[in-house]
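S.K.: Let's see this in three dimensions:
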Amino acid sequence: MKRLFLISICIVFVMTSAALHAQERLPQRVPLGNGNFAVKLDYIAFTDGYFDKPGHEDDGLYIGLEGYGRIYRNLYLGGEVGGAANITIFGEDISFFPVEVNLKYAIEAARNFAVDFGAGVSYSYAKLKDHSLFGSDRERSDWLFGGQFFAELTYKIDWFSIGVNAKYQITQGFRDEDFDLSNWRIGAQIGVVF
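M.R.: Numbering: from 1, shown residues only. The predicted model follows:
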């Protein structure tokens, strides 16, 4: 799992570097620079009704790393990798690790403020573990294809950026179960613009 996470981060960096190199001669002012990276800290909530039952916590914390490179005027190509988890004493723990490839469109809404929105595809690893007061714990995992759409508001101070983000992600159903791990996230990010 750690190896896949590291490979995913490398792929995002390579894609962003290639896009930056191809577009480094574009002269116009750009809302999010020729490239940008950010670290996200979000609240995540899973939307399937399965998680509304007692003992099934449907929310938690998400930490992610995103990187984008400009490919044409206000269009950016990049991706995001991250991990989310909820913690329960008695119930079901969810570990969720999405790997995303996204395309986003950014505009400068006001001086130093950029608004962007976009969509993409994802491939996520999910692991669920039931804690039982009596008996043994049950653990199951699956890889899920999906897609997402999102919006962000970013404030830039020279090369530094800070902002807020919201995302809705749809995933396929969990193997041999009657639920999916579709989710929404909302939170903040800090990063660099270059």
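
S.K.: Skip the chain neighbours and tell me the closest residue to the residue most central in space within the chain.
M.R.: Residue closest to the average C-alpha location in the chain (CA atoms, centre = their mean): E80, at 5.1 Å. Excluding the flanking residues, the one nearest E80 by CB to CB, 6 or more residues apart in numbering is E66, at 4.0 Å. Yep, even glycine has a C-beta here, placed from its N, CA and C like the rest.

S.K.: Return the set of buried residues in the strand or helix carrying the one you found.
M.R.: Assigned by DSSP states H and E, E66 falls within strand 59-72. By neighbour count, with 16 or more other CB atoms under 10 Å as the criterion, the buried positions of strand 59-72 are 60, 62, 64-71.

S.K.: and that strand, what other elements does it pack with?
M.R.: Judged by 3 or more CB pairs under 8 Å, 6 or more residues apart in numbering; DSSP states H and E, the packing partners of strand 59-72 are helix 2-22, strand 35-46, strand 75-85, strand 91-110, strand 183-193.

S.K.: Quickly run through the sheet partners of the strand or helix carrying K156, with directions.
M.R.: Assigned by DSSP H and E, K156 falls within strand 138-157. Taking DSSP bridges as the criterion, strand 138-157 sits next to strand 113-131 (antiparallel), strand 160-171 (antiparallel) in its sheet.

S.K.: what's next to the shortest one, contact-wise?
M.R.: Identification of contacts with strand 160-171 by CB atoms under 8 Å, 6 or more residues apart in numbering yields 32, 36, 38, 40, 42, 98, 122, 124, 126, 144-155, 180-193.
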